[in-house]
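Novice: Next one to model:
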Amino acid sequence: MDLTCQTLQHASGRCQTGRLRSLQSRGQIDRAVLSESRPSKFELSDTPTTRAHLQTNSFASVNSAAPPPPPPPPPPPPSLRRMEAAEQAGSPEGHGVSISAPDPAAKAYLNLMMKHRCYDAIPTSCKLVVFDTSLPVKKAFFALVANGLRAAPLWNSKLQRFVGMLTITDFINILHCYYKSPMVQIYELEEHKIETWRDVFLQFHSQSLISISPDASLFDAVYSLLKHKIHRLPVIDPQSGNVLHILTHKRILKFLYIFGASVPKPRFLQRKIQDAGVGTFRDIATVQEKATLYDALSIFVERRVSALPVVDEEGKVVALYSRFDVINLAAQKTYNNLSMTMREAVRRRRCFVEGVIKCYPDETLETIIDRIVEAEVHRLVLVDRDNVVRGIISLSDLLQAIVLSPAGIDALLS
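Specialist: Numbering: from 1, shown residues only. Alright, predicted model coming up:
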């Protein structure tokens with residue numbers, strides 16, 4: 001498999017190995033529905049797992065020695081403690097759930113994710129671009145833009161295996177590392193090959209390719225994405241070594257969007273955002289509209305966030321600048337001028353703009369999930385009624401709350 005930049009487009013029953021046909025014959029769902037069906041409403045969320053603590057009644061005589069007290073139960077994970085406290089407190093509208101009355105639907109989405117495999121979430125037809133590590137970095141990023149993609153698996157012809165992923169994060173790191181001024185050309189971007197950049201980058205970041213098998217559960221996929229803090233998870237056939245698909249948070253949430261109506265709705269859906277504790281509410285990463293584009297890249301690198309609310313002097317959100325906006329600097333060939341203000345950078349965007357989709361603290365988690373799925377965005381900006389940024393609710397936050405928290409796992413804090 002000696003390829004430089006190869007685009008693979010496959011459909012069910014076409015351009016697939018016998019392994020794929022075998023997997024499809026054992027599939028539990030019709031994957032074509034993922035591309036064709038769209039129910040009117042998305043019913044998602046989860047209630048945290050409740051724990052019944054053992055109680056010991058002692059009727060020992062006053063003349064007999066009292067038995068030693070039982071050892072205290074181990075404390076639950078931090079996320080579970082927060083949710084249990086919220087459950088005990090209850091919401092103003094009376095949506096609180098007593099610990100003594102567990103929600104029978106609490107693990108509905110956890111069980112759904114454990115039941116289905118990664119192969120079930122692969123579309124019947126998709127585009128996959130593979131880069132050889134000998135390809136120049138600049139051509140690779142141009143190819144991502146031309147194909148409307150955000151990442152591509154990397155193939156090493158010498159080792160004859162996949163060795164990593166080229167993502168928008170790499171483009172941001174290159175610009176941030178080598179940019180000097182608008183008058184100085186970024187030589188490293190113009191001349192470096194992918195393998196050269198990887199040699200430089202891996203000196204400071206030791207990271208092997210994180211992948212998953214098509215037979216692994218979607219629960220395992222969610223855990224891998226959140227634990228390793230990655231946004232793309234290659235599904236690799238263990239027999240052929242081929243990449244079948246790139247799973248994302250958005251793809252998994254779409255799977256839940258389609259099949260979530262078949263399971264009971266957890267009561268946790270009715271909790272308000274301000275009570276549920278789902279999202280980031282402290283030390284929010286934002287960028288002033290008067291700041292430079294290089295300042296925004298610095299925040300992307302240091303804080304490892306996927307988008308930045310652009311705010312004015314009063315802290316009110318005026319735009320959203322994401323990592324995907326950065327890759328389009330390559331398409332516009334404006335990456336040599338990172339000294340422009342964020343106001344100018346936002347104005348120059350010509351591609352699809354995700355926009356600022358907002359939510360409010362008094363809205364329920366069910367409303368939040370409906371909005372983020374129907375808008376097909378990667379996060380919501382939590383604002384107060386004065387439009388001041390108060391938090392960010394991402395796809396990772398939602399998957400943590402509705403899939404991992406019911407299992408007592410907090411991958412975001414691991």
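
Novice: Surely I392 and L382 touch.
Specialist: Yes: with the criterion set as CB atoms under 8 Å, I392 and L382 qualify as a contacting pair; they are 6.6 Å apart. Using the backbone N, CA and C atoms, a C-beta is placed for each residue, glycine as well.

Novice: remind me which residues of the stretch 51-200 of the chain are low pLDDT?
Specialist: Along the stretch 51-200 of the chain, the model assigns pLDDT under 70 to residues 51-100, 181-185, 187.

Novice: What residues sit buried inside the helix or strand where L256 lies?
Specialist: Assigned by DSSP states H and E, L256 falls within helix 249-259. Residues of helix 249-259 classed as buried: 249, 251-259 (neighbour count, 16 or more other CB atoms under 10 Å).

Novice: hang on, H249 packs against H231?
Specialist: Yes: in this structure, H249 is within contact of H231 by CB under 8 Å, at 6.7 Å.

Novice: what sits in contact with each of the two?
Specialist: Overlap between the neighbourhoods of H249 and H231 consists of L225, taking contacts as CB atoms under 8 Å, 6 or more residues apart in numbering.

Novice: So for I392 and L382, which residue has more residues nearby?
Specialist: Neighbours per residue, other CB atoms under 10 Å: of I392 and L382, the larger number sits with L382, 25 against 22.

Novice: And that one, what's its pLDDT?
Specialist: Predicted confidence (pLDDT) for L382: 96.

Novice: Report the secondary structure state of the closest residue to it other than its chain neighbours.
Specialist: Across the structure, with CB to CB, 6 or more residues apart in numbering as the measure, the residue nearest L382 apart from its sequence neighbours is G391 (3.6 Å). The local conformation at G391, judged by DSSP: H, G, I helix; E, B strand; the rest coil, is strand.

Novice: Strands along the protein, start to end?
Specialist: 5-11, 125-132, 151-156, 161-167, 233-236, 243-247, 287-288, 307-311, 317-322, 358-359, 379-383, 389-394 (DSSP state E).

Novice: mind putting those in JSON lines, distance to K265 included?
Specialist: Formatted as JSON lines, the strands of the chain follow (distance: least, CB to CB, whole Å):
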{"stretch": "strand 5-11", "distance to K265": "34"}
{"stretch": "strand 125-132", "distance to K265": "30"}
{"stretch": "strand 151-156", "distance to K265": "34"}
{"stretch": "strand 161-167", "distance to K265": "35"}
{"stretch": "strand 233-236", "distance to K265": "28"}
{"stretch": "strand 243-247", "distance to K265": "25"}
{"stretch": "strand 287-288", "distance to K265": "38"}
{"stretch": "strand 307-311", "distance to K265": "29"}
{"stretch": "strand 317-322", "distance to K265": "30"}
{"stretch": "strand 358-359", "distance to K265": "20"}
{"stretch": "strand 379-383", "distance to K265": "20"}
{"stretch": "strand 389-394", "distance to K265": "19"}
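
Novice: Looking at these, which is nearest to F142?
Specialist: Set against F142 and scored by CB to CB, these come closest in strand 5-11, at 9.9 Å.

Novice: these two touch, right, E190 and K138?
Specialist: Yes: judged on CB under 8 Å, E190 makes contact with K138 at a distance of 5.9 Å.

Novice: Between the two, point out the one with more neighbours.
Specialist: K138 (19 against 10).

Novice: quick one: low-confidence ranges for the stretch 201-350 of the chain?
Specialist: Using pLDDT under 70 as the threshold, the predicted model of the stretch 201-350 of the chain has low-confidence ranges 202-207, 350.

Novice: mind running it again at 50?
Specialist: The model of the stretch 201-350 of the chain has no residue with pLDDT under 50.

Novice: all helices for it, in order.
Specialist: Using DSSP state H, counting those that start in this stretch, the helices assigned to the stretch 201-350 of the chain run over residues 218-227, 249-259, 273-276, 293-303, 323-332, 342-347.

Novice: Turn the ones you listed into TSV, columns for distance to R117.
Specialist: Formatted as TSV, the entries for the helices of the stretch 201-350 of the chain read as follows, by distance: least, CB to CB, whole Å:
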stretch	distance to R117
helix 218-227	7
helix 249-259	11
helix 273-276	29
helix 293-303	33
helix 323-332	29
helix 342-347	41
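
Novice: These: which one's closest to G164?
Specialist: So among the helices of the stretch 201-350 of the chain, helix 218-227 is nearest, using CB to CB, at 15.3 Å.

Novice: if I read this right, L382 contacts S394, doesn't it?
Specialist: No: L382 is beyond contact range of S394, at 10.8 Å (criterion: CB under 8 Å).

Novice: hmm, back to that, looking at the helices of the stretch 201-350 of the chain, which is closest to A151?
Specialist: When the helices of the stretch 201-350 of the chain are ranked by distance to A151, counting by CB to CB, first place goes to helix 323-332 at 10.1 Å.

Novice: any residues touching that closest one, and which ones?
Specialist: Residues from elsewhere that reach helix 323-332, judged by CB under 8 Å, 6+ apart: 138, 141-142, 144-145, 150, 168-169, 171-172, 175, 297, 300, 306-307, 335, 345, 348-351, 353-354.

Novice: try stretch 359-370
Specialist: With CB under 8 Å, 6+ apart as the test, stretch 359-370 has contacts from 41-45, 268-274, 276, 278, 371, 380-385, 390, 393, 398, 401-402.

Novice: Please list only the buried members of those residues.
Specialist: A residue is treated as buried here by neighbour count (16+ other CB under 10 Å); on that basis the buried members of these are 42-45, 268-274, 276, 278, 371, 380-383, 390, 393, 398, 401-402.

Novice: what packs against the helix holding L256?
Specialist: Applying 3 or more CB pairs under 8 Å, 6 or more residues apart in numbering; DSSP states H and E, one finds that helix 249-259 contacts helix 33-36, helix 108-115, helix 218-227, helix 365-374, helix 395-399.

Novice: Only C-alpha atoms, please: export it in PDB.
Specialist: C-alpha atoms of helix 249-259 as PDB (Å, rounded to 0.1, in the frame of the first residue of the first chain):
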ATOM      1  CA  HIS A 249     -18.400  12.700  19.100                       C
ATOM      2  CA  LYS A 250     -20.800  14.100  16.600                       C
ATOM      3  CA  ARG A 251     -21.300  10.800  14.900                       C
ATOM      4  CA  ILE A 252     -21.900   8.900  18.100                       C
ATOM      5  CA  LEU A 253     -24.400  11.600  19.200                       C
ATOM      6  CA  LYS A 254     -26.200  11.300  15.900                       C
ATOM      7  CA  PHE A 255     -26.500   7.500  16.500                       C
ATOM      8  CA  LEU A 256     -28.100   8.300  19.900                       C
ATOM      9  CA  TYR A 257     -30.300  10.900  18.100                       C
ATOM     10  CA  ILE A 258     -31.700   8.200  15.800                       C
ATOM     11  CA  PHE A 259     -32.000   5.300  18.200                       C
END
